[in-house]
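[1] coords please:
(one chain, ligands or ions: 2)
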Amino acid sequence: MSAVRIGIVGGTGYTGVELLRLLVRHPHADLRAITSRKEAGMQVAEMFPSLRGHTDLRFSTPDEAPLADCDVVFFATPHGVAMNQARTLLAAGVRIIDLAADFRLRDTATFERWYGMPHACPDLLAEAVYGLPEFNRQAIRKARIVGNPGCYPTTVQIGFAPLLRTAGLVDRSHLIANCASGVSGAGRKAELGYLFAEAADNFKAYGVKGHRHGPEINQELRRIAGLSDDDAALSCLFVPHLVPMIRGMHSTLYARLTAEGQEADLQAMYASAYAGEPFVDVLPAGSAPETRSVRGANVLRLAVHKPTPDTAMILVVQDNLTKGASGQAVQNMNIMFGLPETAGLDLPALLP
Ligand SMILES: NC(=O)C1=CN([C@@H]2O[C@H](COP(=O)(O)OP(=O)(O)OC[C@H]3O[C@@H](n4cnc5c(N)ncnc54)[C@H](OP(=O)(O)O)[C@@H]3O)[C@@H](O)[C@H]2O)C=CC1
Ligand SMILES: CC(=O)N[C@@H](CCC(=O)OP(=O)(O)O)C(=O)O
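    Ligands and ions are numbered 1, 2, ... in the order given. This is a model prediction of the structure:
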């Protein structure tokens, strides 16, 4: 099996360095190019001493990097970068995994409303595949463009899916997702709200008037439920929170059970839904998952609860940078190139 030739655009950010951490140890990865406009020329291991001894690569500018010679290019960049380079790379036979949102939303107008920019290649949206392997494996295998999911939407979809796949178990019109992310979720940029003295020893909701992950969550939950992308019969209220830790995400999901849903054995349903999934861990009944159980691991752990006879409550944890971003992106690459899905991803979490 020949190694996959890989380029990374945006190698100095948090998802970029997480991709590097996973790919330098990946048995089938050949890292060819990594970009940074600000740090071009610098050794990667000089910027990130955590990678000393693991790579001799230097950062190049996106124009100078040999991206067209790669089999796949990861975009670990802000929204709006991948869509402007997609056509050129596809023409050179390069496949794309975008960690930003350029290829997640299928409706151009919705993308433009939430991301505040015109879409550069709406025609390519039709062929892009939403990269949540647990629900989309077949399409990912053949995809030329994968839109890697947002971190919050990954927890919400995997958490709610078993309740939505069968019609009539829950009131689909009133789902609630209360989610909290560590500060690395905001990226490696200097902004007031993420300074230590602002974010530490504090806990708050944000995006309460609406967050761009809301439309992504609703689009994909509707698809999981077998509905059209804009069918208002399913609606999920999503509230993100910032929690003063570096990595990690905790989502508490609520759904009102119907009479039929109240009869179901939810624990057995979830265990069976994810029985074959290497990266979804359904915990024993009564558990409360903690973020440190997934730190640095490409695993999402969840626990199923029924706090009242008509309420399902699902507790979900993941590392926002691993299963929530770069680990999931590597999982997608493994599927696209016919590699074992767990290649390079079988690391246990870092504890304490
Ligand atoms: N952090 C997280 O937990 C998650 C992040 N994501 C998404 O992944 C993407 C990357 O996030 P993150 O790593 O946190 O971001 P960062 O802000 O930490 O890093 C962004 C990187 O992109 C590069 N970059 C910025 N602008 C451009 C440009 N116009 N052209 C080329 N390169 C550019 C930067 O380097 P330079 O400026 O030197 O070129 C830097 O390496 C974002 O879209 C984010 O929304 C998704 C899920 C989770
Ligand atoms: C804590 C924090 O700020 N989290 C980010 C979400 C994480 C992310 O980057 O997701 P996207 O890829 O969709 O941008 C936010 O709320 O904007």
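[2] Would you mind listing what in this protein touches ligand 1?
    The interface of the chain toward ligand 1, taken as CB under 6 Å from any ligand atom, is made up of 9-16, 36-39, 62, 76-79, 81, 99-100, 150-151, 184-185, 187-189, 320-321, 324-325. For every residue, glycine as well, the C-beta is placed using N, CA and C.
[3] Now the buried members of those.
    In these, burial by neighbour count holds for 9-16, 36, 39, 62, 76-79, 81, 99-100, 150-151, 184-185, 320-321, 324-325, counting by 16 or more other CB atoms under 10 Å.
[4] filter the residues you listed by proximity to ligand 2?
    Near ligand 2, judged by CB under 6 Å from any ligand atom, the entries from those are 100, 150-151, 185.
[5] Using JSON lines, lay out those residues together with secondary structure.
    Listed next are these as JSON lines, based on DSSP: H, G, I helix; E, B strand; the rest coil:
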{"residue": "Ala100", "secondary structure": "coil"}
{"residue": "Gly150", "secondary structure": "coil"}
{"residue": "Cys151", "secondary structure": "helix"}
{"residue": "Gly185", "secondary structure": "helix"}
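[6] so which of the residues you listed comes closest to Asp346?
    Asp346 lies nearest to Cys151 out of those, by CB to CB, at 21.0 Å.
[7] so the closest one sits right up against Thr322, yeah?
    No - Cys151 lies out of contact with Thr322 (CB atoms under 8 Å); the separation is 9.7 Å.
[8] which residue packs closest to Ala264, ignoring adjacent ones?
    Distances taken as CB to CB, 6 or more residues apart in numbering place Leu169 nearest to Ala264, at 6.1 Å, with adjacent residues excluded.
[9] If you tally nearby residues, what's the number for that neighbour?
    The local packing of Leu169 (other CB atoms under 10 Å) involves 22 other residues.
[10] What of Leu221?
    Using other CB under 10 Å: Leu221 sits among 23 other residues.
[11] now Glu277
    Neighbour tally, Glu277, other CB under 10 Å: 15.
[12] how far away is it from Arg137?
    10 Å (CB to CB, to the nearest Å).
[13] just Leu19 next, same as before
    Distance of Leu19 to Arg137, given as CB to CB: 21 Å.
[14] So which of these two has more stuff around it?
    More crowded of Leu19 and Arg137, by other CB under 10 Å: Leu19, with 30 against 13.
[15] helix/strand/coil for Leu31?
    strand.
[16] Nothing else from me, thank you.
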